[in-house]
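K.L.:
Predicted model and sequence below, questions to follow.
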Amino acid sequence: MPTNDWWSSLAWVPLSEPMYPHPLAVQTVPQGLQIAWPGPGITANQAAIFGHIGAPGSDLILGHSEVTDFPQAVVESFSDWFVTARMQQGQHSLLLTFGHGSPFVYAICEGGNPTISFNKPPQIETTDLPAHVVVVKSNNRRYALIAPTGSRWTGLDTQRFTAETSGTSWFTVASIPDDQPESLQLLLRYAGTHVVNSQVAWQYLPETNEVCTTFEVTTRIHEGTESGTLLCLYPHQWRHTSAPLTSLQYSSIRGPMKVLQGNRFETRHKLPPLLPALPLLTDPARREIVPLLKADLAAEPLLKGDTYWLGKQLGKWATLLPLAEQAGQPELTAECTRRLRTVLEDFLTAHDASGKPAQPAEALFAWDPNWGTLIGLPASYGSDDQLNDHHFHYGYFLHAAARLSLQDPAWGQRWKQSLMLLIRDIAATDRNDPMFPFLRCFDPWAGHSWASGHARFGDGNNIESSSEAINAWFGILLLGEALHDQQLRDLGAWLLAVETAAIDEYWFDVHDDLFPDTWPASVVTMVWGGKGANGTWFSDNPEEVHGINFLPFTSASLYLGRHPAYPPKNFAALVRENAARDGNDGRQFDRWADLMWMYRALSDPQDAAQMRQKRPADFQYEAGNSQAATFAWISLLQQLGTPDCSETADSPWTATFHDGNTRSRIVWNLTQQPQTVRFSAGQQITAPPGNFLLLNAE
């Protein structure tokens, strides 16, 4: 059974919490399925952008003529972004199908007739439509109620309509986004064709360093001649597809959803600039970082702990390891390696040093056959009993394992089978995997992952730290390269490219055209099914509100700067919000200052370096960050300028920078042979085996 999905509450509780298959919102309630289109009622204030479903029955409830109250709703079937719920009492049942991007809810009603209930009698539009179709306005939103041809409606002057279908079981509800007759006619053309399966496929295209995603639905024609359907695309989809779109459009809390006719389309997303490690480009940098590395590794490490907080230490050491190697420090390199191997091998082994089975309170991963999941113990933040945040936790382990595998390929091959269990838990690619669900944490239609295992919230599922999701996909991509596993590399590339595109849209609104004009905040910190929130689970400090979607800073974090106009805008908003809170100039950071400096370096590296230089002697770095990594990040951008995404290359391990005068390109070769990389502007760089090469060009 999938968890961490937009509809997961349907599998966790007898009757679901609200679910948000945009543009619609639905919830199973005792009377049937509550349906709403929140689009016209979207509001915003300092707390959030709201697109709630509303109170039960506020729009309408699709029910059954012979059942007053259903005891439960269960998952009948599911596919990649659609789900079917069964509500049943004796011989009376409703099968209810809904999914991302569909303006329709499909029903199969057995042992009776479909009903539509309202809190008060709705306005019925007088049209020249066939008798089996009724168009209503409820809560100032329009819906088409489509029964099979030949059906007869009763109760149209009451709060409960019944479609007498003479034994024909299918029924459809459609949301109508406007009052244009052609919009209604388009919806009616497809109302008798029900989606029965949805499937995503992906491909990494090395020659252009982009990923191609294919979305395809399978339909069953109950009535009519159309074999396709209508699909409402999110901004991260319609901006990146060449498929023709209709003029039909639905508003949502993710911005406008544009409608496509058919059953298949493709998107293409470019990978952001990536490097396998932070490079030290000069001898002075390599000398200056040595005392920082020593300070970072001076204290006795804590090698036991829960999978999140110990995972953050793994991420820190994984970032330090290549810096120690580049600085020519074998003892520091060995210490990083020792720490990483000790923790990883401890967790990846199901017995202790004496050969006895490990105990649940010790460092191990345990498979739960009930939910088909791998649980890291000790657990934290509900990663065990709620199945929360698995990709956040395991991403640190995968990044660390990738780093060790690059250093020692034999180590990676030895532990690959165990590491694959972590990957299959968060992103299994086989729909028939006997142990894990398909793509547990990643929602292929939404373009991003979800954090909650159960989604038992009135606002649906949620995800806060989008950057920790990117850390997980970076770990998969890098591990695929280290293990020479092309399928694994392609999976990591796809997840990373698509989720960074979603982050640009729904967390940052880099195009400045999605957030409502009434939204006073600068970013969405937490994306929910029914809202976009300005706050974290743990703090309202602006530094943490912004920083939770920055950390951990790694060589994969350059995506944060790929839209040059956005980082200075975001940083300026952070300073304003900080000043309003603390009453100073806003640049006196009291939480995660090192992360604020690193983000500032994406727009003004000199300013970031000055802020870092002014730090107190006893400055405490964010728990997953380090002195050396902060220095390496800021000095890299000081020397080369900010990320420049105006060109592409035929390798994922490239980054281009521009300092206002000079464009600089870095190519990092992870193979054991010289590698020539070609850039879209025509330049070629041949990098030596296992190293990087920097080319400066005017």
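P.N.:
In hand now; what should we look at? Everything numeric here is computed off the predicted structure, so don't read it as measured data.
K.L.:
if we look at whichever strand or helix holds residue 493, which residues are touching it?
P.N.:
Using DSSP states H and E, residue 493 falls within helix 486-502. When contacts are defined by C-beta atoms under 8 Å, 6 or more residues apart in numbering, helix 486-502 is touched by residues 202-204, 210-211, 213, 236, 240, 267, 269-272, 274, 423, 427, 429, 442, 444, 446-449, 466, 469-470, 472-481, 556, 559, 562, 652. (Glycine included, C-beta is placed from N, CA and C.)
K.L.:
Using ChimeraX, make a named selection holding only the buried ones among those.
P.N.:
Buried subset of the contacts of helix 486-502, written as a ChimeraX selection, criterion 16 or more other C-beta atoms under 10 Å:
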select :202,204,210,211,213,236,240,267,269,270,271,272,274,423,427,429,442,444,446,447,448,449,466,469,470,472,473,474,475,476,477,478,479,480,481,556,559,562,652
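K.L.:
In strands, which of the contacts of helix 486-502 appear?
P.N.:
202, 203, 204, 210, 211, 213, 267, 269, 270, 442, 448, 449 (DSSP state E).
K.L.:
With pLDDT and distance to residue 110 as extra columns, can I get those in a markdown table?
P.N.:
Compiled in a markdown table, the ones in strands among the contacts of helix 486-502 are given as follows (pLDDT from 0 to 100; distance: C-beta to C-beta, whole Å):
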| residue | pLDDT | distance to residue 110 |
| --- | --- | --- |
| 202 | 98 | 37 |
| 203 | 98 | 41 |
| 204 | 98 | 45 |
| 210 | 97 | 46 |
| 211 | 98 | 42 |
| 213 | 98 | 36 |
| 267 | 98 | 38 |
| 269 | 98 | 42 |
| 270 | 97 | 48 |
| 442 | 98 | 34 |
| 448 | 98 | 37 |
| 449 | 98 | 36 |
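K.L.:
and which of those is nearest to residue 190?
P.N.:
Of all the ones in strands among the contacts of helix 486-502, residue 267 has the smallest distance to residue 190: 21.6 Å, by C-beta to C-beta.
K.L.:
who does the closest one bridge with?
P.N.:
Taking DSSP bridges, one finds residue 213 as the beta-bridge partners of residue 267.
K.L.:
Just want the phi and psi numbers for residue 667.
P.N.:
Backbone geometry at residue 667, expressed as degrees, to the nearest 10, gives phi -120, psi 130.
K.L.:
Kindly report the same for the one 3 residues further on.
P.N.:
With angles defined as degrees, to the nearest 10, residue 670 shows backbone torsions of phi -90, psi 0.
K.L.:
Same question for residue 137.
P.N.:
Backbone geometry at residue 137, expressed as degrees, to the nearest 10, gives phi -120, psi 120.
K.L.:
ok, it to residue 55 distance?
P.N.:
Noted for residue 137: a distance of 18 Å to residue 55, by C-beta to C-beta, to the nearest Å.
K.L.:
what about those two, which has more around it?
P.N.:
Neighbour comparison, residue 137 and residue 55: the larger count goes to residue 137, with 14 against 11 (by other C-beta atoms under 10 Å).
K.L.:
Next one, pLDDT for that one please.
P.N.:
We have a pLDDT of 96 for residue 137.
K.L.:
Show me the shaky parts of the stretch 51-200 of the chain.
P.N.:
Along the stretch 51-200 of the chain, the model assigns pLDDT under 70 to no residue.
K.L.:
Which parts of it are helices?
P.N.:
Here the stretch 51-200 of the chain has its helices, by DSSP state H, counting those that start in this stretch, at 181-190.
K.L.:
All the strands of it, in order from the start?
P.N.:
Per DSSP state E, counting those that start in this stretch, the stretch 51-200 of the chain carries strands over the ranges 60-64, 74-78, 82-89, 92-99, 104-110, 114-117, 123-124, 133-138, 141-146, 152-154, 160-164, 170-176, 193-205.
K.L.:
and those strands as a markdown table, adding distance to residue 631?
P.N.:
Shown next, in a markdown table, are the strands of the stretch 51-200 of the chain (distance: least, C-beta to C-beta, whole Å):
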| stretch | distance to residue 631 |
| --- | --- |
| strand 60-64 | 59 |
| strand 74-78 | 48 |
| strand 82-89 | 48 |
| strand 92-99 | 48 |
| strand 104-110 | 55 |
| strand 114-117 | 64 |
| strand 123-124 | 66 |
| strand 133-138 | 60 |
| strand 141-146 | 55 |
| strand 152-154 | 72 |
| strand 160-164 | 68 |
| strand 170-176 | 53 |
| strand 193-205 | 33 |
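K.L.:
Among the ones you listed, which comes closest to residue 398?
P.N.:
Proximity to residue 398 (C-beta to C-beta) singles out strand 193-205 among the strands of the stretch 51-200 of the chain, at 17.8 Å.
K.L.:
For stretch 118-129, what is the distance to the chain centroid?
P.N.:
39 Å (C-alpha atoms, centre = their mean, to the nearest Å).
K.L.:
Quick one: end-to-end distance for it.
P.N.:
The first residue of stretch 118-129 is 22 Å away from its last residue (C-alpha to C-alpha, to the nearest Å).
K.L.:
give me every residue that touches residue 511.
P.N.:
504, 505.
K.L.:
ok, it to residue 90 distance?
P.N.:
Taking C-beta to C-beta as the measure, residue 511 and residue 90 are separated by 53 Å.
K.L.:
if we can go back for a sec, please tabulate the ones in strands among the contacts of helix 486-502 in a markdown table, including the columns distance to residue 245.
P.N.:
Formatted as a markdown table, those follow (distance: C-beta to C-beta, whole Å):
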| residue | distance to residue 245 |
| --- | --- |
| 202 | 21 |
| 203 | 23 |
| 204 | 26 |
| 210 | 21 |
| 211 | 21 |
| 213 | 17 |
| 267 | 12 |
| 269 | 18 |
| 270 | 21 |
| 442 | 25 |
| 448 | 22 |
| 449 | 26 |
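K.L.:
show me what contacts residue 389?
P.N.:
Neighbour list for residue 389: 308, 381, 382, 383, 451 [criterion: C-beta under 8 Å, 6+ apart].
K.L.:
my read: residue 236 touches residue 447, true?
P.N.:
Yes: counting by C-beta atoms under 8 Å, residue 236 does reach residue 447; the two are 4.7 Å apart.
K.L.:
Can you pull the residues that touch both of these two?
P.N.:
Common neighbours of residue 236 and residue 447, counting by C-beta under 8 Å, 6+ apart, are 498, 501, 502, 505.
K.L.:
Residue 159 is in contact with residue 121, isn't it?
P.N.:
Yes: assessed by C-beta under 8 Å, residue 159 is found in contact with residue 121 at 5.5 Å.
K.L.:
Minimum distance to residue 248: which of the strands of the stretch 51-200 of the chain has it?
P.N.:
Taking the strands of the stretch 51-200 of the chain one by one with C-beta to C-beta, strand 170-176 is closest: 9.6 Å.
K.L.:
ok, now how distant is the residue lying closest to residue 111 once chain neighbours are set aside from residue 169?
P.N.:
Leaving out its chain neighbours, the residue that sits closest to residue 111 by C-beta to C-beta, 6 or more residues apart in numbering is residue 92, at 4.0 Å. Taking C-beta to C-beta as the measure, residue 92 falls 12 Å from residue 169.
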